[in-house]
Structures are given as C-alpha cells and as structure tokens.
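Colleague: Sharing a model prediction with you, sequence too.
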Amino acid sequence: MKAEPQAQRRLLDLQAIDTALAQIAHRRRTLPENAALEALARELSALEDERVRAQVAVDDLDRDIARVEKDVDQVRARKDRDEARLTMGTGPARELEALQHEVVSLTRRQSELEDSELELMEQRETAQGSLDEVTGRLDGARGRRGDTEVRRDELLAEIDADEQSRIAARGPVAADIPADLLGLYDKIRSSSGGLGAALLTAGRCGGCRLELSGADRARIKASAPDEVVRCEECRRIMVRTAESGL
Ligand SMILES: [Zn+2]
C-alpha cells in the first residue's frame, strides 16, 4: 500500500486520539465509584434484612403486650364485678365466700400478668433500641450511597465531555488520511489491542518494541517514502520520521 508520508504521519495523531478514547472507555468501565456502589448495595440489602427482623421483633412484642393488657383488663373487670357484688353483700354466704376466694386468686393473677407485661415492655425497649440502631446504620449507608452516586455522576459527566471533545477532534484528523490506509489502520487496531500504527523509532517498532533485524532495516530504508511499511513481528503500520534511525 502507498500513502503520502504526511498522511502516514497523520496516522500517529489519529492513534493518539484513539488511544485516549480507549483510556476514557476503560476509565468509565472501572470507576471505583461503581465498585463502591456495588458494595453499598450489598450492605444496604443486608441492613434492610436486619431492619425487617428488628421491626418484626418489636411488632411481636407489641402484640404480646396488647394480649397481656387485654388479659389484665378482663381480670380487672371480673374482679371489679366480684367486689361490687361483695360490697352489696347479698346472696348465700357460700356464694360470697366463693367470690372472696375468686377475688384473691384474680388479684394474684392480675399481679402476675402485670409483672409479665413489665418484663415484655423492658424487652420491647431493648428491641426498639436495636431497631433504632439498625435504622441509623441504614440511613448512614443510604447517605453514603447518595453521595457516591453524585460523585459517580459528576465523573461520568466529566468523562463524557472528555470523550465528546476527542471524538470531535478525531473527525478532521481521519479526514486527512486516505480511505484505504484508514481501513488498514482500523483493521490492525481492532486485532492488535487498539494499536494500529506506531512510530518507528531508533530502529525499533513502536508497537511491539522489538528491534528490527538488519535485513528489515535495510528493506525499510530501501522502500520509497510513500510505501506503507509494516512490522514483521506485530504487523502494525510503522510510521517513519526523522527519528526513525534508519
Ligand atoms: Zn512491531
């Protein structure tokens, strides 16, 4: 393939832009904020599970307390009724005696229920403390996620702007290069890790960094300036300039 030396040198400008674009794409893919957000998502999911468990514990205790309170109310109502009947003092003596016994046992029952209610309320206080603690941690993690998202979005906007300006610069550079040379460059670039053309410098291929053999050097030196030469090792286009050391 033949191309004006100037067009060949323009390939190096294009390569610089394409390398920058590849670095931009890599930066976008590997933003530390994305890894941090993934870790935060896992943390939030675990904390959310923990919060649900803590809430269930509080709800269970509320239900238990309500049940005990209902029992206390029933016992108290029955005791009040019995005591009212005792105060009236009407009815057979045996019945009144039975009522007195019942009042004693209801009083004991009420006291037991009130003790267990107190115990449940203490447990509820502890459970509420755990719930508040996990809710606090959840809020903290959500805050960190929000901050990280903002930072990631700022970086993405920065990366997008950088990319747009490189893409805008690429057009005019590519326009300076003949279509067949551009096609060859693109083909090599896609199969050679993004590097299609490199400077031949001090007798060394700028692509694979290998030093040319004496025979290669002689062959390249003998080839016309408009001949597009390629590295025997990596097949990349070697662009010759005054620095090429031929
Ligand atoms: Zn090479």
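Modeller: Sure thing, it's come through. From a predicted model like this one, the values you see are computed outputs, not experimental measurements.
Colleague: and R240, what does it touch?
Modeller: Applying Cβ atoms under 8 Å, 6 or more residues apart in numbering to R240 gives the contacts 5, 8, 200, 220, 225, 229, 246. Every C-beta, even on glycine, is put in place using the N, C-alpha and C of the backbone.
Colleague: Which neighbouring elements make contact with the helix ranked longest in the chain?
Modeller: Secondary structure of the chain read by DSSP state H shows that its longest helix is helix 93-175. Secondary-structure packing of helix 93-175 (3 or more Cβ pairs under 8 Å, 6 or more residues apart in numbering; DSSP states H and E): helix 5-29, helix 32-88.
Colleague: Using CSV, lay out the ones you listed together with distance to S190.
Modeller: As requested, those are exported to CSV (distance: least, Cβ to Cβ, whole Å):
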stretch, distance to S190
helix 5-29, 11
helix 32-88, 26
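Colleague: what's the most buried one of these?
Modeller: Highest mean neighbour count of the helices and strands packed on helix 93-175: helix 5-29, a mean of 17 (counted as mean count of other Cβ atoms under 10 Å).
Colleague: one step back: of all the helices and strands packed on helix 93-175, which one comes closest to the ion?
Modeller: Relative to the ion, the nearest member of the helices and strands packed on helix 93-175 by Cβ to the ion is helix 5-29, separated by 13.5 Å.
Colleague: what's next to the closest one, contact-wise?
Modeller: With contacts defined as Cβ under 8 Å, 6+ apart, helix 5-29 is touched by 156, 159, 162-163, 166-167, 169-170, 173-174, 176-178, 181-182, 185, 189, 194-199, 225-226, 228, 237, 239-241.
Colleague: Is C234 part of a helix or strand, or is it coil?
Modeller: Secondary structure, DSSP: H, G, I helix; E, B strand; the rest coil: C234 is coil.
Colleague: just to revisit the earlier point, from the contacts of R240, list the buried ones, please.
Modeller: Neighbour-count burial (16 or more other Cβ atoms under 10 Å) applied to the contacts of R240 gives 8, 200, 220, 229.
Colleague: With I237 as the reference, measure out to the first one.
Modeller: In this case it means Q8. 7 Å (Cβ to Cβ, to the nearest Å).
Colleague: Could you do the third one as well?
Modeller: Computed as Cβ to Cβ, the I220 to I237 distance reads 12 Å.
Colleague: Brilliant, that's me finished.
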